[in-house]
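Visitor: Sequence plus predicted model, see below.
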Amino acid sequence: MSTSDLRADFERDGFVSLPGFLGPEEIAEARENLERFIRDVVPTMSSTEVYRENVNDESTLKQLQKMGEHDSWFGELMRGERFCGLAESLLGEPARPVNLQYFNKPPGVGQPTPPHQDGYYFHLKPNHAVTMWLALEDVGEEQGCVRYVRGSNHFGMRAHGKSGTLGFSQGILDFGIPNDLENEVAFPCKAGHLIAHHSLTIHRADGNRTTERTRQALGFVYFAESCGEDVAAKRAYQERLDAELKSKGAV
């Protein structure tokens, strides 16, 4: 697919799907570095950057933040042309790498991800950013694959409120109003499949209903160069969130 066609799909639907974006050897390398990162780097990270479903059980690791800031391999991956170049093609302008995350839904305990828009967390004006989700293994609907609401990027920011979900503290309050579910598209993915969505695209995921299979992925966030970021508001939000998590013993 040409760059112009890819961007047209992204602007129309709010997302694009790129099966086989990374090949088997590249995924194997990414998984090896993830294992190294979890073993060697995670113990040095702040508790507010490492989320587990059960804070006392390392096997329930569900999310890691700012991996590119803690490790050169992941930093180069985030800043490299493969991903950053795609972000610029989709956004139609230069893009700034912001975050590289790890997402998992551990078997048996992986909770649903509430319907939300990433832009709610970003505090941007205009809200023009892209998040990429790279499957590190085969992910089916029973593991909680990502679900997008097609075209939801055209209708602005919906009202969000506390969700009670670790790692996704805010959810859309009126999700399900006419056309949300009718326009929802599920994305089961094979390892190496990349999906990318606009910061205003509504998306969610079910919990992991399996007893043995994980749901591991990497997430890449890029802001368009034209965006202004309300740094003070973002910092205040993060401080409130960190304090709330610590008070509940969740981190």
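Guide: Nice, thanks for sending it over.
Visitor: For T211, grab phi and psi.
Guide: phi -110, psi -10 (degrees, to the nearest 10).
Visitor: So what's the predicted local confidence for it?
Guide: We have a pLDDT of 94 for T211.
Visitor: Kindly report the same for S47.
Guide: 90.
Visitor: cool, and the one 10 residues further on?
Guide: The predicted local distance difference test score for D57 is 93.
Visitor: can you map out the helices along the protein?
Guide: Along the chain, counting by DSSP state H, helices occupy 3-13, 24-36, 67-70, 72-79, 81-91, 119-122, 231-247.
Visitor: Can you add distance to G161 and give those back as TSV?
Guide: In this view, the C-beta of every residue, glycine as well, is placed from N, C-alpha and C. Below are the helices of the chain laid out as TSV (distance: least, C-beta to C-beta, whole Å):
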stretch	distance to G161
helix 3-13	26
helix 24-36	33
helix 67-70	29
helix 72-79	31
helix 81-91	28
helix 119-122	10
helix 231-247	13
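Visitor: what stretches of the stretch 151-251 of the chain score poorly on pLDDT?
Guide: Scanning the stretch 151-251 of the chain with the threshold set as pLDDT under 70 gives 241-242, 244-251.
Visitor: Just the strands from it, written as ranges.
Guide: 160-165, 168-172, 184-187, 194-198, 203-205, 217-224, 228-229 (DSSP state E, counting those that start in this stretch).
Visitor: quick one, which of those is nearest to H116?
Guide: Proximity to H116 (C-beta to C-beta) singles out strand 168-172 among those, at 5.3 Å.
Visitor: residues near V50, how many?
Guide: 20 (other C-beta atoms under 10 Å).
Visitor: got it, and A236?
Guide: 12.
Visitor: hmm, back to that, and the helices of the chain, which one is worst for confidence?
Guide: The bottom spot among those, by mean pLDDT, belongs to helix 231-247, with a mean of 71.
Visitor: Excluding residues flanking it in the chain, which one is nearest the residue nearest in space to the middle of the chain?
Guide: Nearest to the mean C-alpha position of the chain, by C-alpha atoms, centre = their mean, lies G219 at 4.4 Å. Leaving aside its sequence neighbours, G219 sits nearest to Q101 (C-beta to C-beta, 6 or more residues apart in numbering; 4.0 Å).
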